[in-house]
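[1] Provided below for reference: sequence and predicted model.
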Amino acid sequence: MHITKDTFIKIINTIRDQSDFDSKRALETGSVMGCDLDPYNNSRLVNLLFKLLHEKFLPQAGVCKIQQFCFDLDFGRQGLDQIKDPVANLWEELVSGLTKIKS
């Protein structure tokens with residue numbers, strides 16, 4: 001499967017936007033209901049998108065850099081403040097890794 005840089009960026013940004021939207025709605029709904037509430041579960045869709053991305057960028061030693069970026073680094077918002085476009089930077093890092101594997 002061929003995934004372009006533009007498509008990759010759109011997928012990651014869409015997952016981020018949906019995650020942000022779901023978190024905001026859960027907080028708002030929980031506030032109205034007077035309890036912690038997380039009614040959204042988009043894991044099937046997100047897992048499918050990661051499966052598609054894994055067709056190009058296989059996890060190495062059981063570690064997926066894309067999932068780490070999304071969930072551990074909060075889509076590049078944690079610890080990557082100095083990078084202008086963290087998603088594009090992730091793309092470049094992943095593509096660079098593919099080149100090294102083929103060499």
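    Received, thanks.
[2] and stretch 41-54, how far out from the chain's middle?
    Put simply, stretch 41-54 sits 10 Å off its chain's centre (C-alpha atoms, centre = their mean, to the nearest Å).
[3] Same question for that stretch: list its buried residues.
    Neighbour-count burial for stretch 41-54 flags V46, L49, F50, L53 (criterion: 16 or more other C-beta atoms under 10 Å). Where C-beta positions appear, they are placed from N, C-alpha and C, glycine not excepted.
[4] now stretch 67-85
    Using 16+ other C-beta under 10 Å as the test for burial, stretch 67-85 gives F69, C70, F75, G76, L80.
[5] so can I have JSON lines of the residues you listed showing secondary structure, distance to V32 and pLDDT?
    Formatted as JSON lines, the buried residues of stretch 67-85 follow (DSSP: H, G, I helix; E, B strand; the rest coil; distance: C-beta to C-beta, whole Å; pLDDT from 0 to 100):
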{"residue": "F69", "secondary structure": "helix", "distance to V32": "33", "pLDDT": "95"}
{"residue": "C70", "secondary structure": "helix", "distance to V32": "28", "pLDDT": "95"}
{"residue": "F75", "secondary structure": "coil", "distance to V32": "27", "pLDDT": "93"}
{"residue": "G76", "secondary structure": "coil", "distance to V32": "31", "pLDDT": "90"}
{"residue": "L80", "secondary structure": "coil", "distance to V32": "34", "pLDDT": "65"}
